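Visitor: Fold the following and give me the result.
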Amino acid sequence: MEEQTSRDTYKTIAKTSEESLFKDRGSKFIGQAHPVKSEAQVEEVLAALHQQHNKASHICYAWQLGKNYEQYRANDDGEPNNSAGQPIYGQLQSFEVTDTLVTVIRYYGGTNLGVGGLIQAYKTAAQFALESSKIVVKTITEELQLNFEYALLHTVMRIIKEEQLDIAHQEMELSCEVTVSVRKNDLERIQERFNAVFGIKTTVL
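Guide: So this is what the prediction gives:
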């Protein structure tokens, strides 16, 4: 995967995927991908699944959070160590998605699959879930606050227009404050451009 610190986009899923079914020797593995923004949301989804599938043998999962893919967790839910959560997490990495929880619900079919069989089954169910998801690319932005006297408003707005920046917040009085959203990799260059104008104070929020 590309070095996270240098990228200014990330991939995530647009909405909860349909349930994907994978069967192996009587066991059913139901995979699903869910968009999540926090660990609290992860817990909510898991609680709902435990209620909905209260006769399931295992509900295994992995999630990845953060624009820089900085938080993640994998859970085997009673399956042999690293036979479920890790293969699911491997698919999150393979598809390069974040702010995503992938769950795989297993209904035991009476035949032990062995660790190798489990790894393959959980990996495949997770893969099916992500393949059926709509993956979207989002841009990482930073907020840059500009403080200046009203006389400089025309100059500030010209730069904003030329750089095609989105205004997140503005207060126009004798002293003006404008907050713009700037693409992460452009931040340094654009901040320098504003700083080059005498009388504009810039602050990264």
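
Visitor: can I assume Cys176 sits in a strand?
Guide: Yes: counting by DSSP: H, G, I helix; E, B strand; the rest coil, Cys176 is located in a strand.

Visitor: For Glu162, see how far away it is.
Guide: Note on Cys176: its distance to Glu162, by Cβ to Cβ, to the nearest Å, is 18 Å. (C-beta placed from N, C-alpha, C; glycine too.)

Visitor: now Leu49
Guide: For Leu49 relative to Glu162 (Cβ to Cβ), the value is 49 Å.

Visitor: who's more crowded, the two?
Guide: Between Leu49 and Glu162, counted using other Cβ atoms under 10 Å, Leu49 has the larger neighbour count: 19 against 9.

Visitor: thought that one was touching Val104?
Guide: No: if you go by Cβ atoms under 8 Å, Leu49 and Val104 don't touch, sitting 10.4 Å apart.

Visitor: Quick check: neighbours shared by those two?
Guide: Ile59 (Cβ atoms under 8 Å, 6 or more residues apart in numbering).

Visitor: For the residue in the chain sticking out farthest from the centre, give me its contacts.
Guide: Residue farthest from the centre of the chain, counting by Cα atoms, centre = their mean, is Ala151 at 41.4 Å. If you count contacts by Cβ under 8 Å, 6+ apart, Ala151 has them with Gly199.

Visitor: Which of the three states applies to it?
Guide: Per three-state DSSP, Ala151 ends up helix.

Visitor: Strands of this protein, start to end?
Guide: Secondary structure of the chain, counting by DSSP state E: strands at 9-13, 20-24, 27-35, 58-65, 71-75, 100-107, 135-139, 141-149, 166-172, 175-183, 201-204.

Visitor: what about the residue farthest from the centre of the chain, distance to Ile200?
Guide: 11 Å.

Visitor: Name the residues of the lengthiest helix in the chain that come out as buried.
Guide: Criterion DSSP state H: the longest helix present in the chain is helix 114-131. If you call a residue buried by 16 or more other Cβ atoms under 10 Å, then helix 114-131 has these buried ones: 118-130.

Visitor: Quick check: buried residues in stretch 172-183?
Guide: Residues of stretch 172-183 classed as buried: Cys176, Val178, Thr179, Val180, Val182, Arg183 (neighbour count, 16+ other Cβ under 10 Å).

Visitor: same question for that stretch, mean pLDDT?
Guide: The average pLDDT for stretch 172-183 rounds to 94.
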